[in-house]
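[1] need the 3D shape of this:
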Amino acid sequence: MPLINVKLIENVFSPQEKREIVDKLTDAMVSIEGENMRGVTWVIVEEVKSGDWAIGGNALTTEDVKALQVGVSVG
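    Residues are numbered from 1 along each chain as shown. As a prediction, this is how the structure comes out:
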């Protein structure tokens, strides 16, 4: 049974966007393993507190990620 764990910085994605992430990741696994695996494919979405996620020693906030989404350089 596949388990897909997705970590996101809090308050970046709406509930509808998170649902789309779950649906598309499930579909991706089913496309590899077959339709019979849909019912046993687990997707867990976990949100990490703003500022508790760092890349290259630089903490990212919710605002940083939203800026990245629209193409603004951060850091």
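
[2] quick one, helices of this protein?
    Using DSSP state H, the helices of the chain run over 15-33, 62-69.

[3] tabulate these (JSON lines), appending distance to I9 and mean pLDDT.
    Where you see a C-beta, it was placed from the backbone N, CA and C, and this is true even at glycine. Output for the helices of the chain, formatted as JSON lines (distance: least, C-beta to C-beta, whole Å; pLDDT from 0 to 100):
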{"stretch": "helix 15-33", "distance to I9": "12", "mean pLDDT": "98"}
{"stretch": "helix 62-69", "distance to I9": "5", "mean pLDDT": "92"}
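
[4] deepest-packed of these, please.
    helix 62-69 (a mean of 15; mean count of other C-beta atoms under 10 Å).

[5] residues making contact with it?
    9-12, 50, 73-75 (C-beta atoms under 8 Å, 6 or more residues apart in numbering).

[6] show me which pair in the residues you listed is furthest apart.
    E10 and S73 (21.9 Å; C-beta to C-beta).

[7] so between those two, which is more surrounded?
    A count of neighbours by other C-beta atoms under 10 Å puts E10 above the other of E10 and S73, at 16 against 6.

[8] what residues are up against that one?
    Contacts of E10 by C-beta under 8 Å, 6+ apart are 47-50, 62.

[9] same check on G51?
    Counted by C-beta under 8 Å, 6+ apart, G51 has contacts 59-61.

[10] of those, which belong to strands?
    59-60 (DSSP state E).

[11] now render the contacts of G51 as TSV, adding neighbour count.
    Formatted as TSV, the contacts of G51 follow (neighbours: other C-beta atoms under 10 Å):
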residue	neighbour count
A59	11
L60	20
T61	18
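
[12] ok, of the contacts of G51, which one's closest to L25?
    Out of the contacts of G51, the member with the shortest distance to L25 (by C-beta to C-beta) is L60, at 21.8 Å.

[13] quick check: bridge partners of the closest one?
    Per DSSP bridges, the residues bridged to L60 are W53.
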